[in-house]
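Engineer: the following block contains a protein sequence and its predicted model.
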Amino acid sequence: MSTTVTREEIEQRVFKALEEFGAEPDQINPDAEFEAMDVDSLDLVELAQIVEDEYGVQLKGEDMEGIKTVRQAVDLVMSKLG
Amino acid sequence: MGAMSNGRPDGCALVTGASRGIGAAIAKALAREGWPVGVNYRSDSEGAEAVVKEITDAGGRAVAVKADISDIDAADTLFKRLEEELGPVLVLVNNAGVRADGLSPQIDDEDWSKVIDTNLSAAFRLTRRALRPMIRGRFGRVVNIASIVGAERANPGQANYAASKAGLVAMTKTVAAEVARRGVTVNAVAPGLIETDMTEGIGDGLLQHVPARRAGTPDDVAACVRFLVSQDAGYVTGVCLTVDGGLTA
């Protein structure tokens, strides 16, 4: 299943999650910083859960350290999908 | 989170150690509130089935689920089973607890670990497993059954038990603060002297110190849990509600 997921799909899924978390849709873009969108640590935990549930990728707390933007998060997921 | 009934999402409650005593009273109280209930037990299948029968006879839904919660895989097993049979677990009551009393010089490693594992570590593992769907569903209730022994009171002979229960209250407050913004509340209830099999024989000398002049009943504790689980208690989180007839007042 994991091999068929595209970068765009993951990015769109992350965008959708950010909207659920309350980020302003016009603020959401690949280089927007989570902090600037008022996306907090619990939101990122939930994002990690979504990614795990939907793509089978396990993200641990240490993986998420230093992840500040959507692009970095998508890069991380893509690297885990290998 | 699917359909709603009574203004709350559909799902079920899991009560650990619910085959007798306080856990059984809690399971029945939540069933009366309309929650389908997972009645967890470790060894007393007869007791658990009796609780299930009482609930179903009264028109409620319940299933007995066997698991030793100190087993590291128990949380996943329990939750998967309940998710299949009763829906997502939106209420978790960590009630199962054990004692292995002795004055500290005589508490060996095994008795220390057994009590900490069941009363504290297992409660954490179950809570961790429960939080995921609760956070996603924007609703959840976790109630940890602590004790006045621990953070409130010393009780010589229960260093392990006291440490586990004080730890449980500390965990309660911390997790409550972490997840409050998702509509998930995490609270504790600290019973004093309650008449159960587990407290048989230890309360006799204590009764004269209880301002209410009686031991509490499992239903006294269940009533507190029922409130904390209710929609009305949505703004109550991170507290430890003492139910002890004034003993620690």
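Structural biologist: It's in.

Engineer: could you say which helix or strand holds B:Ile135?
Structural biologist: helix B:122-137 (DSSP states H and E).

Engineer: helices or strands up against that helix?
Structural biologist: Applying 3 or more C-beta pairs under 8 Å, 6 or more residues apart in numbering or on different chains; DSSP states H and E, we find helix B:122-137 packed against helix A:41-55, helix B:74-85, strand B:89-94, strand B:140-145, helix B:159-179, strand B:184-191. All C-beta spots, glycine's among them, are computed from the backbone N, C-alpha and C.

Engineer: write out the residues of chain B neighbouring chain A.
Structural biologist: B:132, B:135-136, B:178-179, B:181-182 (C-beta under 8 Å from any C-beta of the partner chain).

Engineer: one more time with 6 Å
Structural biologist: B:132, B:135 (C-beta under 6 Å from any C-beta of the partner chain).

Engineer: what's the spacing between the worst-scoring helix or strand of chain A on mean pLDDT and its chain's center?
Structural biologist: Taking mean pLDDT, DSSP states H and E as the measure, the helices and strands of chain A show their lowest mean at helix A:61-64, namely a mean of 86. Its chain's C-alpha centre and that of helix A:61-64 lie 12 Å apart, by C-alpha atoms, centre = their mean, to the nearest Å.

Engineer: kindly report the same for stretch A:12-26.
Structural biologist: 10 Å.

Engineer: can you check stretch B:229-236 too?
Structural biologist: Distance, centroid of stretch B:229-236 to centroid of chain: 16 Å (C-alpha atoms, centre = their mean).

Engineer: for the least confident helix or strand of chain A, enumerate the helices and strands it packs against.
Structural biologist: Helix A:61-64 makes packing contacts with no helix or strand when contacts are defined by 3 or more C-beta pairs under 6 Å, 6 or more residues apart in numbering or on different chains; DSSP states H and E.

Engineer: so which residues make contact with it?
Structural biologist: Identification of contacts with helix A:61-64 by C-beta atoms under 6 Å, 6 or more residues apart in numbering or on different chains yields A:Leu44.

Engineer: again, but for stretch B:176-191
Structural biologist: By C-beta under 6 Å, 6+ apart, stretch B:176-191 touches B:134-135, B:138-148, B:169, B:172, B:175, B:221, B:224-225, B:228, B:237-243.

Engineer: would you mark the buried spots in that stretch?
Structural biologist: B:176, B:178-179, B:182-191 (16 or more other C-beta atoms under 10 Å in any protein chain shown).

Engineer: endpoints of it, how far apart?
Structural biologist: By C-alpha to C-alpha, to the nearest Å, the extent of stretch B:176-191 from end to end equals 20 Å.

Engineer: how far does it sit from its chain's centre?
Structural biologist: For stretch B:176-191, the distance to the chain centre is 13 Å (C-alpha atoms, centre = their mean).

Engineer: any idea of the mean pLDDT in it?
Structural biologist: Averaging pLDDT along stretch B:176-191 yields 97.

Engineer: in PyMOL, how would I select the buried members of the contacts of stretch B:176-191?
Structural biologist: Filtering the contacts of stretch B:176-191 down to the buried ones (16+ other C-beta under 10 Å) takes a single PyMOL command:
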select buried, chain B and resi 134+135+139+140+141+142+143+144+145+146+147+148+169+172+175+221+224+225+228+237+238+239+240+241+242+243
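
Engineer: what's the neighbour count on B:Leu247?
Structural biologist: 20 (other C-beta atoms under 10 Å in any protein chain shown).

Engineer: pretty sure it sits in a strand.
Structural biologist: No - assessed by DSSP: H, G, I helix; E, B strand; the rest coil, B:Leu247 does not belong to a strand; its assignment is coil.

Engineer: got the contact list for it?
Structural biologist: So B:Leu247 contacts B:192, B:210 (C-beta under 6 Å, 6+ apart).

Engineer: for it, give its distance to B:Leu206.
Structural biologist: 8 Å (C-beta to C-beta, to the nearest Å).

Engineer: if we can go back for a sec, quick check: the two most widely separated of the buried residues of stretch B:176-191?
Structural biologist: Farthest pair in the buried residues of stretch B:176-191 (C-beta to C-beta) is B:Arg182 and B:Pro191. Separation: 28.1 Å.

Engineer: confidence score at the nearest residue to A:Asp40 once chain neighbours are set aside?
Structural biologist: Spatial nearest neighbour of A:Asp40, excluding adjacent residues (C-beta to C-beta, 6 or more residues apart in numbering or on different chains): A:Phe34 at 7.9 Å. pLDDT, A:Phe34: 94.

Engineer: which is the next helix or strand following the worst-scoring helix or strand of chain B on mean pLDDT?
Structural biologist: Among the helices and strands of chain B, strand B:4-5 carries the lowest confidence by mean pLDDT, DSSP H and E, at a mean of 54. Per DSSP H and E, the first helix or strand lying C-terminal to strand B:4-5 is strand B:8-9.
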